[in-house]
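J.: Could you look at this predicted model? Sequence included:
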Amino acid sequence: MANGLDDVVAAETVLSDVDGLGGRLTIRGHSLAELAGRWSFPQVVRLLLDGFFEDLPGDTELAAQLGEARVEVFERTRPSLSLLAPLDIYSAMRAGMALLPDGETLADALRLIAAPAVLTPALLRLQRGEQPVAPDGKADHAADMLRMLRGSVPSPALAKALDTYLVTVCDHGLNASTFATRVVASTLAGLTSSVLAGLGALKGPLHGGAPGPVIEMLDAIEAHGDAAGWLRNEIAHGRRIMGFGHRIYRVRDPRADVLKAVVRQLGGEGETGRRLAFAEAVEKTALEVLRIAKPQRSLQTNVEFYTALVLEAAGFPPQAFSNVFAVGRVAGWIAHAREQQTTGRLIRPQSRYVGPVPDLVA
């Protein structure tokens, strides 16, 4: 038995390949370096969905349909937003998405992909006492999300940064949330049910919840003044150093380098530049401290470390970082759900009973 299903192959997929030893991520035959910053998020959505919907249009039309889906999601959920706003931002988004039809069509898929990008800014604005901003169906997906958050059109550089982030996190092998999605999809449940399963798994701090704590860690280290001392104390008390280590990668997470470059492009001389310089110093110190404290393990920088800086620069509060991760990942979940259903096979592994047994009666 493999505890945690380590190294167990549970699915064959054409969607993505994670090479943990080589530090490479492949998405439908394309390297991450080829896609990030070069393909737009709607283009990558189409790449992921290709072959799973008969009526899938070309890039331009799909981007237009995604814009229409943002508008439709806003209109469908608007009456409920004020009721959802008192919840924590992630639970509120998830509850809003549960209001969408549980269908199997391309329109259903695009509504689910659009929903986190619409609900997250609307709910954040309500939580700070402001009215939601309606989507612009003709705008770029990432730019429109930032406009709905800020109330004004973002700079092209900031919109590009968020778009690159969404591409970077769109899919990543059979992680916990993707596996949960495929398990539910294998029952022939609808896309909304399958995506909600993924969202449930993503909320856990061992999966999608770590970028927010990276900000808390950086703030704590800056206040303490001694990065090495702070990090050694955390390790001594058995606490995890956020933004380092990965279940699959034994080398540096390739997504970390993509997002570090994104932050550098945003940096300049402002607060983002100062934050980046400090984060780079902490990263260097953390890698050395971890190397000495845990020589038997290869704990390298992961995607969460520089995700935190990208999303902070974009204006999202730490408690919403998992929401923004979902904006990029839902497309991957939907592709996995459709792929799983093409197998026609219910996922039903066995368990090994290790509890007490009843007395045998002669």
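T.: Cool, got the structure.
J.: Give me the domain ranges for this structure.
T.: Domain segmentation of the chain under automatic domain parsing yields 11-206+318-343, 211-314.
J.: Now the weakest link among the ones you listed, please, by mean pLDDT.
T.: Lowest mean pLDDT within the domains of the chain: domain 211-314, a mean of 93.
J.: ranking the domains of the chain by burial, who's on top?
T.: domain 11-206+318-343 (a mean of 20; mean count of other C-beta atoms under 10 Å). Using the backbone N, CA and C atoms, a C-beta is placed for each residue, glycine as well.
J.: about what we covered before: out of the domains of the chain, which comes closest to Gln350?
T.: domain 11-206+318-343 (14.3 Å; C-beta to C-beta).
J.: From start to finish, how long is that closest one in a straight line?
T.: End-to-end distance of domain 11-206+318-343 (C-alpha to C-alpha, to the nearest Å): 10 Å.
J.: which residues sit in contact with Val133?
T.: 121-122, 125, 147-149, 151 (C-beta atoms under 8 Å, 6 or more residues apart in numbering).
J.: Thought Ala107 was touching Asp55, still the case?
T.: No. Shown here, Asp55 and Ala107 do not form a contact pair, counting by C-beta atoms under 8 Å, at 9.1 Å.
J.: Nearest spatial neighbour of Asp171, chain-adjacent residues omitted?
T.: Among residues not flanking Asp171 along the chain, Gly332 sits closest, at 3.3 Å (C-beta to C-beta, 6 or more residues apart in numbering).
J.: So which of the contacts of Val133 are in helices?
T.: 121-122, 125, 147-149 (DSSP state H).
J.: With distance to Val303 added, can I get the residues you listed in JSON lines?
T.: Shown next, in JSON lines, are the ones in helices among the contacts of Val133 (distance: C-beta to C-beta, whole Å):
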{"residue": "Pro121", "distance to Val303": "22"}
{"residue": "Ala122", "distance to Val303": "26"}
{"residue": "Arg125", "distance to Val303": "27"}
{"residue": "Arg147", "distance to Val303": "26"}
{"residue": "Met148", "distance to Val303": "25"}
{"residue": "Leu149", "distance to Val303": "22"}
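J.: Of the residues you listed, just say which sits nearest to Leu87.
T.: Taking C-beta to C-beta as the measure, Leu87 lies nearest Ala122 of these, at 13.1 Å.
J.: Who are the contact partners of the residue positioned nearest the centre of the chain?
T.: Against the mean C-alpha coordinate of the chain, by C-alpha atoms, centre = their mean, the closest residue is Phe325 at 2.7 Å. Counting by C-beta under 8 Å, 6+ apart, Phe325 touches 169, 202, 208, 211, 307.
J.: please redo it, this time with the cut-off set to 7 Å
T.: Residues in contact with Phe325, defined by C-beta atoms under 7 Å, 6 or more residues apart in numbering, are 169, 202, 208.
J.: Make JSON lines out of those and add secondary structure and distance to Gln340.
T.: Listed next are the contacts of Phe325 as JSON lines, based on DSSP: H, G, I helix; E, B strand; the rest coil; distance: C-beta to C-beta, whole Å:
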{"residue": "Val169", "secondary structure": "coil", "distance to Gln340": "20"}
{"residue": "Leu202", "secondary structure": "helix", "distance to Gln340": "18"}
{"residue": "Gly208", "secondary structure": "coil", "distance to Gln340": "20"}
